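**Q** Below is the sequence, then the predicted model.
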Amino acid sequence: MRVRVPAEALRVLRPVSEAARARGLPLYAVGGCVRDWLLGSRRVKDLDLVTEGDPTPVAGFCARLLGAEAEAFGAFGTLRVIGKEWRVDFAAARQEEYPEPAALPKVRPAALRQDLFRRDFTINAMAVSLTARPQLVDPYGGRADLRAKLLRVLHARSFRDDPTRVFRAARFLCRFGFKPAPGLVGLARRTLCACIAGRLSRHRIAQELLKILSEPDPSACLRRLRRWGYLDLVAPDLGVKVLGRSVEQRLGSLALGLGSRGGEFLRSLPIERALARRVLAAIELVGRGASPRSRVDPETGSIVAAALPDLPPAALEPVFLTGGDLAAAGLKPGPEYRRILDEAARAQWSGRLVSRPEALRWLAGRL
């Protein structure tokens, strides 16, 4: 069955597939890009390509084509090429074996059909052979499930092998508006009850959370995970109300929703250090409940503003009153000096002081 591949994708795929044929390597587009093409999306900028053989020379050709480099990615021999518009991942077709539930798999070379069977859901287990006339390879009924708007695992041990697939299931169900195939939710819950999902490392859970926070409606994903019992793996009392547009704003809103436990929750997530630092700064600022003495980092400020949409506009500005104002009023540095500055900062945070002239009048009355 032929597949209509968008013309802009073909401008990359045609020369790459010719380079693969010249080396005797069958080449396929697989997974999410195939799913999205069948759904009619033309915004696909990430391509997953599989060869039956070593993909290194073809990845090198693609890197030269896109003016980039082919870099090793992950633990399974994947090569990634990131150009100005495209991200292209290359991998050899492989088969996976899980030595125990929730563990990372052991892999060995395999044919395409076995490679597709190791994937999470039927809608992601399709490929397009990159020949002159691209043909769909669909051994497990992914296209029929797309048409029926069903999300189906490929086999009964899928969630036991990799419980992160439950988090992915929540994302795909919410993103596409699909329904779970019969038995899918039961498999997810049995995996949790068997204490298998609890074996996931904190790193893998954190990565799934960040992916959820990049979805159009992360709150819907979190509500579904709450119903399935999986949100407790992230944090037992984590809320499902997500505010903001960026991932860091949304992460900040979840952390701030935990109140005094927000910092502990954030520090439990093995995430990128700069991201953690900005969110922790936001938690600290909100915890003080007072306007800052100096200008707030814009990204930290955006996290606070997104999480607290009713915060007064001047709350994140540096406190209107300074030590110089108090000195000019005849006050000498000391405990009372600091108490007045702290009181002014809290008043500005709460919206009782909205400008510097008003703050100066407040100071005159205070003294």
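**A** Sure, I can see it.
**Q** From here on, just use CA atoms for contacts and neighbour counts.
**A** Noted.
**Q** Give me the most central residue, this structure.
**A** For the chain, the residue nearest the mean C-alpha position is K211 (2.2 Å; C-alpha atoms, centre = their mean).
**Q** per-residue confidence at it?
**A** For K211, the model assigns a pLDDT of 98.
**Q** which element is it on?
**A** If you go by DSSP states H and E, K211 is part of helix 202-213.
**Q** Show me which residues of stretch 139-153 are buried.
**A** 140, 142-143, 145-146, 149-153 (16 or more other C-alpha atoms under 10 Å).
**Q** For that stretch, measure first residue to last.
**A** Distance across stretch 139-153, first residue to last, is 14 Å (C-alpha to C-alpha, to the nearest Å).
**Q** How far away from the center of its chain is it?
**A** How far stretch 139-153 lies from its chain's middle: 24 Å, per C-alpha atoms, centre = their mean, to the nearest Å.
**Q** residues making contact with it?
**A** The contact list for stretch 139-153, computed with C-alpha atoms under 8 Å, 6 or more residues apart in numbering, reads 38-39, 113, 117, 120-126, 154, 169, 172-173, 177-181, 184.
**Q** Just those: which are in helices?
**A** 38, 113, 117, 169, 172-173, 184 (DSSP state H).
**Q** farthest pair in the residues you listed?
**A** R113 and L173 (25.0 Å; C-alpha to C-alpha).
**Q** Next, give phi and psi for L47.
**A** phi -120, psi 130 (degrees, to the nearest 10).
**Q** gap between it and D115?
**A** 16 Å.
**Q** okay, the two: which has more neighbours?
**A** L47 (22 against 19; other C-alpha atoms under 10 Å).
**Q** ok now do that one, which residues does it touch?
**A** 29-30, 33, 86-89.
**Q** ok, of those residues, which come out buried?
**A** 29-30, 33, 88-89.
**Q** JSON lines please, covering these and showing secondary structure.
**A** Below are those laid out as JSON lines (DSSP: H, G, I helix; E, B strand; the rest coil):
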{"residue": "A29", "secondary structure": "strand"}
{"residue": "V30", "secondary structure": "strand"}
{"residue": "C33", "secondary structure": "helix"}
{"residue": "V88", "secondary structure": "strand"}
{"residue": "D89", "secondary structure": "strand"}
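**Q** Make a markdown table from these and add pLDDT and distance to A19 to it.
**A** Converted to a markdown table, the buried ones among the contacts of L47 look like this (pLDDT from 0 to 100; distance: C-alpha to C-alpha, whole Å):
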| residue | pLDDT | distance to A19 |
| --- | --- | --- |
| A29 | 97 | 15 |
| V30 | 97 | 18 |
| C33 | 95 | 20 |
| V88 | 97 | 15 |
| D89 | 96 | 16 |
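**Q** Tell me the one of those residues nearest A328?
**A** Once C-alpha to C-alpha is applied, the member of these that ends up nearest A328 is V88, at 63.6 Å.
**Q** any idea how far the closest one is from F61?
**A** Applying C-alpha to C-alpha to V88 and F61 gives a distance of 12 Å.
**Q** shared neighbours of these two, which are they?
**A** Common neighbours of V88 and F61, counting by C-alpha under 8 Å, 6+ apart, are absent.
**Q** Okay, now the unreliable bits of the chain?
**A** 1, 42, 74-76 (pLDDT under 70).
**Q** buried residues in stretch 341-350?
**A** Result for stretch 341-350 [16+ other C-alpha under 10 Å]: buried residues 341-342, 344-350.
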